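Visitor: Below: sequence and its predicted model.
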Amino acid sequence: MEGFGPKLLSIGGVTISETVIVTWIVMALLTIGAYLTTRRYEKVPRGVQNAVETLVETINKLVADTMGEDKKKFAPYMGTLLLFILCTNLIGLLGFRPPTADFNTTLALALITFGMIHYYAVKSHGLGPYVKGYFEPFFLLFPLNLLGELAKPISLSFRLFGNLIGGLIIMSLIYGALGSFSTMLGFTSVPILQGIIPIVFHVYFDLFAGVLQSFIFLMLTMVFVTIAID
């Protein structure tokens, strides 16, 4: 391998990152899925409609329990955020490189959260009290308060990126090692070891870690926004 970063592909003379292409694929799948599962709603839910309504109710309840009943208006955004991160994390199971293993993606998501935090802080408390909060409990703490706020998008983006790229690197090393062992054992044409053993590691690094990190990012977003409003 030349490196663990996303590949740069040339399409029609235009250079596009692998991350952008896979992100488009995820967005297309989510859009098509949303259309197909909501085009024929019935009063009595069944099948796919029942599953979709259960998902929506679960997200609404999670937002209400975490942020408060008065902040359920954030449920559509939080649900979209959760589904997007979850799909981008788990798409590695289909052989694609997860977009969240690219720091550009996780930083963009963190900056959206960062913008929401300060927008709703000003909207809820007013510009004066918002600025005054940086100088409390006394003005000498302004640099620390400012650094604390700037650290939020950095910690959010690096936490998600670090876990995904770490899993990607470990899985690449595992495949490389198993390939070498297969060659040593004489299985050059049929990579038996590479086809069976990595399944266990994929369950942890792709499935478990992907779901967990999606939930952590969502929870931190809800907590930060709630603190800013309250």
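Guide: Structure received.

Visitor: Kindly indicate whether S10 is helix, strand or coil.
Guide: strand (DSSP: H, G, I helix; E, B strand; the rest coil).

Visitor: Setting the sequence-adjacent residues aside, check what's closest to the spatially most central residue of the chain.
Guide: Most central in the chain under Cα atoms, centre = their mean is I85, positioned 2.9 Å from the mean C-alpha point. Distances taken as Cβ to Cβ, 6 or more residues apart in numbering place S214 nearest to I85, at 4.4 Å, with adjacent residues excluded. The C-beta positions use only the backbone N, C-alpha and C, and glycine is treated the same way.

Visitor: Need the phi and psi values for that neighbour.
Guide: Backbone geometry at S214, expressed as degrees, to the nearest 10, gives phi -60, psi -40.

Visitor: Touching, it and N89? I think so.
Guide: Yes: the pair S214 and N89 passes the contact test of Cβ atoms under 8 Å, sitting 5.7 Å apart.

Visitor: Just want to know which of these two has more residues nearby.
Guide: The neighbour comparison of S214 against N89 (other Cβ atoms under 10 Å) goes to N89, with 27 against 22.

Visitor: got the contact list for the more buried one?
Guide: P98, T100, L164, D206, A209, G210, V211, Q213, S214 (Cβ atoms under 8 Å, 6 or more residues apart in numbering).

Visitor: Quick check: the second one touching A108?
Guide: If I follow you right, that is T100. No: T100 lies out of contact with A108 (Cβ under 8 Å); the separation is 10.4 Å.

Visitor: who's more crowded, those two?
Guide: T100 (32 against 14).

Visitor: Could you look up the SS state of the more buried one?
Guide: Recorded secondary structure, T100: helix (three-state DSSP).

Visitor: For it, give me its contacts.
Guide: I85, T88, N89, T106, L160, F161, L164, Q213.

Visitor: State whether V44 is indeed within a strand.
Guide: No: using three-state DSSP, the secondary structure at V44 is coil, not a strand.

Visitor: Can you pull the phi/psi pair for it?
Guide: In terms of degrees, to the nearest 10, the main-chain angles of V44 are phi -100, psi 110.
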